[in-house]
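Colleague: 3D, please:
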Amino acid sequence: LSDAYVQDNGILVAPLYLRIDGENYRDGVDITSSAFYERLPRCTVLPTTSQPSVGDLAAVYRQAVERGAEGIVSIHLSSGISGTVNSARLAAEQVPEVPVAVIDTRNASAAVQVTVEAAVHAVRQGANLAEARAAAEEAVARQRTVFTVDTLEYLYKGGRIGGATAFFGSLLQFKPLLYFNEGRIDALERVRRSARAMSRMVEVMEGWLPEGEPVKAVLMEAACVERAEALTELLRQSRVHMVESQIVPLSPVIGAHVGNGTLGLCCIPMSLLEESTQ
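Modeller: Residues are numbered from 1 along each chain as shown. So this is what the prediction gives:
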């Protein structure tokens, strides 16, 4: 989410943490994506990450209450790869003044972004807490995400490889296509070249999406914006009815587990969003 979007819509953000070469950083606060990806290849030890504490999240909830919130929709990356959802549920118990709807997106990055956008759209239309929660949950159910990494080393060493373990050690000549299956990273298939990986991502998305349904596409990149631009062009030439697109950098906390060169594609029906969420 851009800083402008966060500010314009009164969204509160609880950053995750990143530890690089013995130093701690708040994701998106103390370190930018560009600075992180420039530094990552030079790290002698892989960076580690950690979720916000229960206290961090409770403090954000109290800030929302102070702003006049009557309910909170708290949206987070998958419980299958992070303890953030659990921290959020424990934090909600510490702020009994308002109900807190904790949303497990069972995914990460752009899938979290579009879930927030769907909830914001519902609130703008006058939704109450239950309706905003339902909008977020529908976005979770209807978004589709596929991604590819240059190497499985980061996922393997970080313990997030999930069902893609079978691919590890056999990828010198292949690129894996990955997705989230029941909240964990799983292997979809493997292809021989990066260019083929991009075209297969589009073909997979064509198969996943209802034909003709207008969608927003969010392309995620880790120091490979040119490939994201090329993927956008492939989408324009495909059967995917893309009416809006956006290229976003993967945040450092996600990048620490996938590495430079990661490219992802997330699509969501425009019916769940405003005409423009830019």
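Colleague: restricting to C-alpha, output stretch 228-235 in CSV.
Modeller: The C-alpha trace of stretch 228-235 is given here as CSV (Å, rounded to 0.1, in the frame of the first residue of the first chain):
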residue,chain,number,x,y,z
ALA,A,228,7.1,-7.0,-14.1
GLU,A,229,6.6,-4.5,-17.0
ALA,A,230,7.0,-7.3,-19.5
LEU,A,231,4.5,-9.4,-17.6
THR,A,232,2.1,-6.6,-17.6
GLU,A,233,2.4,-6.5,-21.4
LEU,A,234,1.8,-10.2,-21.6
LEU,A,235,-1.4,-9.8,-19.6
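Colleague: which helix or strand contains Leu18?
Modeller: strand 17-20 (DSSP states H and E).
Colleague: try Val204
Modeller: Using DSSP H and E, Val204 falls in helix 194-208.
Colleague: circling back: tell me what the strand holding Leu18 is packed against?
Modeller: Here strand 17-20 touches strand 23-26, helix 33-39, strand 48-50, helix 252-258, going by 3 or more CB pairs under 8 Å, 6 or more residues apart in numbering; DSSP states H and E. C-beta coordinates here come from the backbone N, C-alpha and C atoms, glycine included.
Colleague: report the distance from that strand to the chain centre.
Modeller: 18 Å (CA atoms, centre = their mean, to the nearest Å).
Colleague: again with stretch 246-261
Modeller: Worked out by CA atoms, centre = their mean, stretch 246-261 lies 9 Å from the chain centre.
Colleague: between its first and last residues, how far does that stretch reach?
Modeller: Stretch 246-261 has an end-to-end distance of 18 Å (CA to CA, to the nearest Å).
Colleague: tell me which residues touch Val114, please.
Modeller: Neighbour list for Val114: Ala139, Gln143, Lys216, Val218, Cys266, Ile268, Leu272, Leu273 [criterion: CB atoms under 8 Å, 6 or more residues apart in numbering].
Colleague: need the pLDDT of the fourth one.
Modeller: Pointing back at Val218 there. The score at Val218 is 98. That number is its pLDDT.
Colleague: could you find the closest non-adjacent residue to Ala222?
Modeller: Sequence neighbours aside, Thr262 is the residue nearest to Ala222 in space, at 4.1 Å (criterion: CB to CB, 6 or more residues apart in numbering).
Colleague: pull the number of nearby residues for that neighbour.
Modeller: When neighbours are defined as other CB atoms under 10 Å, Thr262 has 26 of them.
Colleague: that one touches Val225, doesn't it?
Modeller: No - Thr262 lies out of contact with Val225 (CB atoms under 8 Å); the separation is 12.0 Å.
Colleague: ranges for the strands of this structure?
Modeller: Secondary structure of the chain (DSSP state E): strands at 17-20, 23-26, 48-50, 72-76, 100-104, 144-148, 175-181, 184-191, 215-221, 242-249, 263-269.
Colleague: out of these, the one nearest Tyr37 is which?
Modeller: Nearest of the strands of the chain to Tyr37, taken as CB to CB: strand 242-249 at 7.8 Å.
Colleague: list the buried residues in that closest one.
Modeller: Met242, Glu244, Ser245, Gln246, Val248, Pro249 (16 or more other CB atoms under 10 Å).
Colleague: of the residues you listed, closest to Glu182?
Modeller: Nearest to Glu182 among the buried residues of strand 242-249, with distances taken as CB to CB, is Val248, at 24.8 Å.
Colleague: check contacts around the closest one.
Modeller: With CB under 8 Å, 6+ apart, Val248 has these contacts: Ser109, Ala110, Gln113, Val218, Leu219, Met220, Glu221.
Colleague: just list the residues touching the third one, thanks.
Modeller: For Gln113, the contacting residues are Leu1, Val218, Val248, Cys266, taking CB under 8 Å, 6+ apart as the criterion.
Colleague: among those, who's most crowded?
Modeller: Within the contacts of Gln113, neighbour counts (other CB under 10 Å) peak at Cys266, which reaches 26 neighbours.
Colleague: so what's that one closest to, chain neighbours aside?
Modeller: Nearest-residue entry for Cys266: Ala110, 3.7 Å, with adjacent residues in sequence omitted and distances by CB to CB, 6+ apart.
Colleague: with Tyr154 instead?
Modeller: In space, Tyr154 comes closest to Gly259 once its chain neighbours are excluded; the distance is 4.2 Å by CB to CB, 6+ apart.
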